[in-house]
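>>> attaching a predicted model along with its sequence, questions to come.
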Amino acid sequence: MTISELLRGLDVTKKTGPLDVEIKGIAYDSRLAGKVFLFVAVRGFAADGHDYINDAISRGAVAIVTDEAAGINITEQLISNNELTHITVSDSRKALALLSAAFYGYPSNSLSLVGITGTNGKTTTSYITKSILEAWGKNAGLLGTIQYIIGGRSIDSPRTTPESLDVQKYLREMLDNNADYAVLEVSSHALMLDRVEGCSFKVAAFTNFSQDHLDFHETMEEYFSAKRKLFSHLSEDGSAVLNIDDPMLSRLARELSCNVITCGLEEGAMIRAENINVQKGLSFDVCTPEGRFRVESEFIGGFNLYNLLIAIGIAHSLGIKEEIIQKGISEARPASGRFESIAEGQEFLCIVDYAHTEDALRKVIVEARKITEGRLVTVFGCGGDRDRTKRPLMGAAASELSDVVIVTSDNPRTEEPMGIIREILQGMKKDNYTVQPDRAEAIQMAVSGAKRGDTVLVLGKGHEDYQEIQGVRYTFSDQDVLRKAIKEIIWRI
């Protein structure tokens, strides 16, 4: 595709150099630039792509896209041979997304995209949705927090929603592998940073809304506005699927002009659950405008009821019949680190969950209490370099709802662990906590003190297999540490 063809529909403020060059690739990281590449300079949080233009050119880039606000001038020396093209745009981050969509042939126009946003539940809902689509006989790819599933391969996910260039590349690869659908977890960061610009969604779903990421969005209203942007990417015949029991999403349902499918437990929800049974999984009657049917699942916890309802709402919007929905849900399995039970023959429960917000932590503890005969022991911390205001709120929730709390490190990143812990302790309502900054030691302490009928909850990291300390990622798995600690207890017995 030529530079001229790529620029169609782009908000270009200035362009110099040849436009008929056939571009072989696009890069936003200068280290990945190659011969006859177009390099898009994007201002990031840790680095500015405009500082790496010369590096991209040295590696073979023949066209450079820069942000008007950066005030970059390519020197006469670089353009003296008339071989370098320089394009200035009003927003290089948005331009990266649109250029990428064009370069890969707008794959979302040929795939049916399902986008799922929300503070909690995106991952589980995406896995259930994928299972239903596959029960329907469809080939479905997935981009999410745990992994990217493309064709026959799975890639560990570095972030919930990839950068826009990678989104388009993966969607094209899914299409080339005969995918019919792509299920995307769409984070608020991704929406604010235009990572899904150029994508057209068949369905956009919103699971729930509560406090998180205020280090990035500053206010709850800004955070909500970011999430809401997903619905601006719906196709003309697209549908919104909303948890109407959430007050903010009930408001959104009234404001959207597209087809809206509401889910919940309250009267008035189009997709409603009744006759709920939480013994050995979740089963319930699904009430829809077309009738009623029952679903049986391996998922546990009341919060998963809403994840199942949203997935059913998505399926309903796509016209999937009830028997297919039943089959897809019965075959769906919980994602790693989502209310995951770790059993090695011990006489008490051990559960790992990704809960890293006050709302998620409360919900997980409440659900664990329902299946706990003895004491409930909660091990958790808070991530460094992230929303600090939620730390005392999570401390308050943990101490209020647990019998014993062990406060430890999560991913401290560049912060000192004890500084984070002190902010958590400010919210503690009871004197029922112990501090152990070493996460492995904290888990060992919880397991060593557990008795028959107790439940040990290890929260915050879920599927993550690392711990990030001062910019270094060390191998660390809550599941592995728990298994080792349990085996040591059993061996002693």
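In hand now; what should we look at?
>>> for the chain, give me the ranges with low pLDDT.
For the chain, applying pLDDT under 70 flags the ranges 73-82, 211-218, 492-493.
>>> 50 instead?
For the chain, applying pLDDT under 50 flags the ranges 76-77, 79, 493.
>>> quick check: residue 53 touching residue 30?
Yes - in this structure, residue 53 is within contact of residue 30 by C-beta atoms under 8 Å, at 7.5 Å. Just so you know, the C-beta spots here come from the backbone N, C-alpha and C atoms, and that holds for glycine as well.
>>> which residues are in contact with both of those two?
residue 39 (C-beta atoms under 8 Å, 6 or more residues apart in numbering).
>>> is it correct that residue 294 falls within a strand?
Yes - applying DSSP: H, G, I helix; E, B strand; the rest coil, one finds residue 294 inside a strand.
>>> how near is it to residue 279?
Going from residue 294 to residue 279 by C-beta to C-beta, to the nearest Å gives 14 Å.
>>> neighbour count: those two, which is higher?
Using other C-beta atoms under 10 Å, the more surrounded residue of residue 294 and residue 279 is residue 294, with 13 against 8.
>>> not counting sequence-adjacent ones, nearest residue to that one?
Nearest residue to residue 294 in three dimensions, chain neighbours excluded: residue 285, at 5.2 Å (C-beta to C-beta, 6 or more residues apart in numbering).
>>> tally of neighbours for the one you found?
14.
>>> same check on residue 473?
If you count neighbours by other C-beta under 10 Å, residue 473 ends up with 12.
>>> list the contacts for it?
Residues in contact with residue 473, defined by C-beta under 8 Å, 6+ apart, are 466, 467.
>>> tell me which element it falls in.
Using DSSP states H and E, residue 473 falls within strand 472-475.
>>> so which bits of stretch 424-435 are buried?
Using 16 or more other C-beta atoms under 10 Å as the test for burial, stretch 424-435 gives 424, 425, 427, 428, 433.
>>> looking at the residues you listed, which is nearest residue 346?
Comparing the buried residues of stretch 424-435 against residue 346 with C-beta to C-beta places residue 433 closest, at 23.2 Å.
>>> just give me how far the strand holding residue 473 sits from the chain centre.
Counting by C-alpha atoms, centre = their mean, to the nearest Å, strand 472-475 is centred 21 Å from the centre of its parent chain.
>>> partners of it in the sheet?
Strand 472-475 pairs in its sheet with strand 466-469 (antiparallel), by DSSP bridges.
>>> and the partner strand, what's buried?
Neighbour count says strand 466-469 has 467, 468, 469 buried, by 16+ other C-beta under 10 Å.
>>> chain neighbours aside, what residue packs nearest to the first one?
Taking C-beta to C-beta, 6+ apart, and ignoring the residues beside it in sequence, residue 467 has residue 476 as its nearest neighbour in space, at 3.8 Å.
>>> same check on the second one?
Using C-beta to C-beta, 6+ apart and skipping the chain neighbours, the partner closest in space to residue 468 is residue 411 (4.2 Å).
>>> give me the neighbour count for the one you found.
So residue 411, with other C-beta under 10 Å, has 23 neighbours.
>>> ditto for residue 167
Using other C-beta under 10 Å: residue 167 sits among 28 other residues.
>>> for the host helix or strand of it, packing partners?
Using DSSP H and E, residue 167 sits within helix 164-176. When contacts are defined as 3 or more C-beta pairs under 8 Å, 6 or more residues apart in numbering; DSSP states H and E, helix 164-176 sits against helix 92-103, strand 140-143, strand 147-150, strand 181-185.
>>> what do you get if the cut-off is 7 Å, keeping everything else the same?
helix 92-103, strand 140-143, strand 147-150 (3 or more C-beta pairs under 7 Å, 6 or more residues apart in numbering; DSSP states H and E).
>>> does the residue nearest to residue 272 when sequence neighbours are not counted belong to a helix, a strand or coil?
In this structure, residue 272 finds its nearest non-sequential neighbour in residue 287, 4.4 Å apart by C-beta to C-beta, 6+ apart. With three-state DSSP as the basis, residue 287 sits in strand.
>>> what do you get for residue 86?
Under three-state DSSP, residue 86 comes out as strand.
>>> was I right about it contacting residue 13?
No - applying C-beta atoms under 7 Å as the test, residue 86 and residue 13 come out as separate, 11.4 Å apart.
>>> more crowded one of the two?
Set residue 86 next to residue 13 and count neighbours by other C-beta under 10 Å: residue 86 wins out with 18 against 11.
>>> thinking again about what came up before, can you list the buried residues in the helix or strand just after the strand holding residue 473?
Note on strand 472-475: by DSSP H and E, the next helix or strand toward the C-terminus is helix 478-492. For helix 478-492, burial by neighbour count (16+ other C-beta under 10 Å) applies to 478, 479, 481, 482, 483, 485, 486, 489.
>>> and residue 160, how far is that from residue 189?
Using C-beta to C-beta, residue 160 is found at 8 Å from residue 189.
>>> and these two? Which one has more around it.
Using other C-beta under 10 Å, the more surrounded residue of residue 160 and residue 189 is residue 160, with 20 against 15.
>>> what sits against that one?
144, 145, 185, 187, 190 (C-beta atoms under 7 Å, 6 or more residues apart in numbering).
>>> what's the helix or strand for it?
Using DSSP H and E, residue 160 sits in no helix or strand.
>>> let the chain start at 37 from now.
Happy to do that; since the first residue is 37 now, the last one works out to residue 196.
>>> from residue 426, how far off is it?
Going from residue 196 to residue 426 by C-beta to C-beta gives 18 Å.
>>> what's the answer for residue 78, then?
Distance from residue 78 to residue 426, by C-beta to C-beta: 29 Å.
>>> any idea which element residue 308 lies in?
Applying DSSP H and E, one finds residue 308 within strand 307-313.
>>> distance from the chain centre to that strand, please.
27 Å.
>>> check contacts around residue 127.
Per C-beta under 7 Å, 6+ apart, neighbours of residue 127: residue 103.
>>> where does it fall, phi/psi-wise?
The phi/psi pair for residue 127 (degrees, to the nearest 10) reads phi -150, psi 100.
>>> and the gap between the spatially most central residue of the chain and residue 491?
Geometric centre of the chain, nearest residue: residue 196, 3.8 Å, by C-alpha atoms, centre = their mean. Distance from residue 196 to residue 491, counting by C-beta to C-beta: 28 Å.
>>> and if you look at residue 423?
Taking C-beta to C-beta, one finds residue 423 at 27 Å from residue 491.
>>> who has more neighbours out of these two?
Legend: neighbour count by other C-beta under 10 Å for residue 423 and residue 491, higher for residue 491 (23 against 20).
>>> so who does the residue nearest to residue 330 touch?
Counting by C-beta under 7 Å, 6+ apart, residue 321 touches 309, 310, 311, 328, 330.
>>> residue 347 now?
By C-beta under 7 Å, 6+ apart, the contact list for residue 347 reads 161, 164, 165, 168.
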